[in-house]
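Colleague: Give me a model of this one.
(one chain, ligands or ions: 2)
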Amino acid sequence: MLDLATRAWEAVTGLYLGLRVTILALVRPKNTVKYPIEKVNVSPRWHGLLALPIDPETGSDMCIICFQCERVCPDRCIHIEATGRAKDRVLTRFDIEMDKCCYCGLCVEVCPTEAIVFVPHYEASTFNRSNLLYDLDDLRRATPKEPIAHGVVRIGGR
Ligand code: SF4
Ligand code: SF4
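Modeller: Ligands and ions are numbered 1, 2, ... in the order given. Sure thing, here's the model as predicted:
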């Protein structure tokens, strides 16, 4: 008889503890979002897409064509070409194969003029692999070539 009472007590307390966990999970603030309807802000140090931002003072990018980023890239996904000599040198090609990039950040670290930076975009997925080749114009625009998610509600504070 005592054994039966003990078992009944254990069943009731077990049920109570289980329901307590469930109810607490229902009323607590959620840590998940309904992506892609909702998105969270990423850290300022996030390694998203790479970009060559335009300098607002000069109206052009800040690249001095030193080739250091191309040399340091472990995946050999940066391709730079230029014409002219010394101060007259101009970029004719600056391509990054984002499908090969491992987002290590070495190119950003080595750049002496902060001409190449990470931007917070992470939605670069595409059905066409050629869309992952970012040329000079794409890198200056600093946005994904084929954004997948539309009509997004951005929620702040995260
Ligand atoms: S983040 Fe790394 S792998 Fe990607 S382009 Fe820069 S150096 Fe290359
Ligand atoms: S390291 Fe910077 S300045 Fe040098 S080529 Fe790369 S982006 Fe241009």
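Colleague: all contacts plus neighbour counts: C-alpha atoms, from now on.
Modeller: OK.
Colleague: Spit out the contact partners of residue 101.
Modeller: Residues in contact with residue 101 (CA atoms under 8 Å, 6 or more residues apart in numbering) are 75, 77.
Colleague: for this structure, what spans make up the helices?
Modeller: Counting by DSSP state H, the chain has these helices, from start to end: 2-27, 68-72, 106-110, 136-141.
Colleague: between these, which one is nearest to ligand 1?
Modeller: Proximity to ligand 1 (CA to the nearest ligand atom) singles out helix 106-110 among the helices of the chain, at 4.1 Å.
Colleague: And the pLDDT at residue 150?
Modeller: Model confidence at residue 150, given as pLDDT, is 56.
Colleague: Need the helices of the chain in a markdown table (columns: distance to residue 55, mean neighbour count and mean pLDDT).
Modeller: Formatted as a markdown table, the helices of the chain follow (distance: least, CA to CA, whole Å; neighbours: other CA atoms under 10 Å; pLDDT from 0 to 100):
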| stretch | distance to residue 55 | mean neighbour count | mean pLDDT |
| --- | --- | --- | --- |
| helix 2-27 | 48 | 11 | 93 |
| helix 68-72 | 19 | 18 | 98 |
| helix 106-110 | 16 | 18 | 98 |
| helix 136-141 | 10 | 17 | 93 |
